[in-house]
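> structure for the following, please:
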Amino acid sequence: MAGYLVRRLISTIAVLLGVTILVFLIMQLVPSDPARAVLGPSANGDAIAALRHQMGLDRPLAVQYLRYLKGLVHGDLGRSLSLSVPVKELIVPKMINTIILAAGTLVICVGIGVPLGIWAGTREGSVFDRVSMSLSLAGASVPVYWAALVAIDVFALNLGWFPTSGMHDLRQPGGTSDLLNHLFGPAATTAVVPTAIIARLTRATMIEALQQDSVRMLRASGVPERLIIWRHALRNILPSVVNLTGLQVGYLLGGVIFTEVVFGWPGLGQQLYTAITASDMPVIQAGVLFIAIAFVIVNLVADLAVAALNPRTRGATT
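Alright, predicted model coming up:
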């Protein structure tokens, strides 16, 4: 396990380095000029050239990237062009809010998708199986922004089950209960697609696990079906479920962006939307970098969990 951990850490560091290069180069392809964005459209060429020199934008790309990487190592993400504040002070609180929303969504996904998939997989071909999988297929096809608008209209405005926007009620002190009340709507909306995907793939892996020769032998030996499902089949599908859950975290980090804008959740998604409209490249760069790094780290954790649950995985990657 130690050797596998070292190899995965080395590969993760290489991937993270590649992510920084990719994000840096993508920002270089954006036609907007940061110096012109700071000075405004009426600035003359000399002023723009002077500011570009001050910001290091007239240096070779390799020098700019090394300067950018050095800043990342020291926690310096630059300054916002539109707000003139350090990007770190602007992004970190929004990151925390996005993590809260993604965590709440993940709890709903796993709490509903995995049991639903197991239940359907153990009853293949039943009415429950056909109905639940038909609903999950429909759920996997729903656009996040459309689901958010429908949820606000039906469940927030008409039924009043949860607030329409925000993270806290500004008229009250707030607290955990107030946060959970505001969290339910956007989390449940974002969870529609990943829950459907987790349910369908959990069902498929459960059906495959119940068709193995070892399970047939247990049945022939008279082992109760309940013990076969929960002690043997479930243990076999856990690595696949963990791996799938890790992949869905990447979707959540991207999906919450649309949800945050619609629900007014003060997270990274809403901040990115504001930065895009203002052509604030340092903020956009930091936001995209955070999402990419979070996706890589979460999948590293998922791979290590899968390796712990299934030792054959470690040998296959040798």
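> counting neighbours, what do you get for A292?
19 (other Cβ atoms under 10 Å). Just so you know, the C-beta spots here come from the backbone N, C-alpha and C atoms, and that holds for glycine as well.
> now stretch 73-89: how far from the chain's centre is it?
23 Å (Cα atoms, centre = their mean, to the nearest Å).
> repeat that for stretch 288-301.
Per Cα atoms, centre = their mean, the centroid offset for stretch 288-301 relative to its chain is 8 Å.
> buried ones in it, by neighbour count?
288-296, 298-300 (16 or more other Cβ atoms under 10 Å).
> what of stretch 136-154?
136, 139-140, 144, 147-148, 151-152.
> which one of those residues is nearest W265?
Taking Cβ to Cβ as the measure, W265 sits nearest to A148 out of these, at 10.1 Å.
> that closest one reaches W265, doesn't it?
No: judged on Cβ atoms under 8 Å, A148 makes no contact with W265 at a distance of 10.1 Å.
> mean confidence for the helix or strand Q248 falls within?
Using DSSP states H and E, Q248 sits in helix 234-263. Taken as a whole, helix 234-263 carries a mean pLDDT of 81.
> again, but for stretch 274-286
83.
> returning to what we had before: ok now the helix holding Q248, how far from the chain's centre?
6 Å.
> summarise which helices and strands it is packed against.
Judged by 3 or more Cβ pairs under 8 Å, 6 or more residues apart in numbering; DSSP states H and E, helix 234-263 is in contact with helix 87-121, helix 144-151, helix 176-190, helix 192-210, helix 268-277, helix 281-309.
> quick one, the first one and helix 176-190 angle?
To tie it back to what came earlier, the one meant is helix 87-121. 60 degrees (axes from the mean of the first three to the mean of the last three Cα atoms, to 10 degrees).
> thinking again about what came up before, in a markdown table: the buried residues of stretch 136-154, plus distance to I96.
Output for the buried residues of stretch 136-154, formatted as a markdown table (distance: Cβ to Cβ, whole Å):
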| residue | distance to I96 |
| --- | --- |
| S136 | 31 |
| G139 | 28 |
| A140 | 29 |
| V144 | 21 |
| A147 | 24 |
| A148 | 21 |
| A151 | 24 |
| I152 | 24 |
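> want to throw the residues you listed into a markdown table with pLDDT?
Listed next are these as a markdown table, based on pLDDT from 0 to 100:
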| residue | pLDDT |
| --- | --- |
| S136 | 86 |
| G139 | 83 |
| A140 | 81 |
| V144 | 81 |
| A147 | 84 |
| A148 | 85 |
| A151 | 86 |
| I152 | 87 |
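> tell me which two of these sit farthest apart.
S136 and I152 (22.9 Å).
> so which bits of the helix or strand where I10 lies are buried?
In this structure, I10 sits in helix 2-29 according to DSSP H and E. Residues of helix 2-29 classed as buried under the neighbour-count rule (16+ other Cβ under 10 Å) are 4, 8, 12, 15-16, 19-20, 23-24, 27.
> ok, so of those residues, who is nearest A275?
Closest to A275, out of all of the buried residues of helix 2-29 and judged by Cβ to Cβ, is M27, at 11.8 Å.
> hang on, that closest one packs against I284?
Yes: using Cβ under 8 Å, M27 is in contact with I284, at 7.2 Å.
> tell me if I'm right that L16 and A294 touch.
No: in this structure L16 lies outside contact range of A294 using Cβ under 8 Å: 10.9 Å.
> any idea of the mean pLDDT in the helix holding I10?
81.
> tell me which residues are up against stretch 284-291.
19-20, 23-24, 26-27, 72, 77-78, 87-88, 91, 95, 253-254, 268, 271-272, 275-276 (Cβ atoms under 8 Å, 6 or more residues apart in numbering).
> that's all I had, so thanks and see you.
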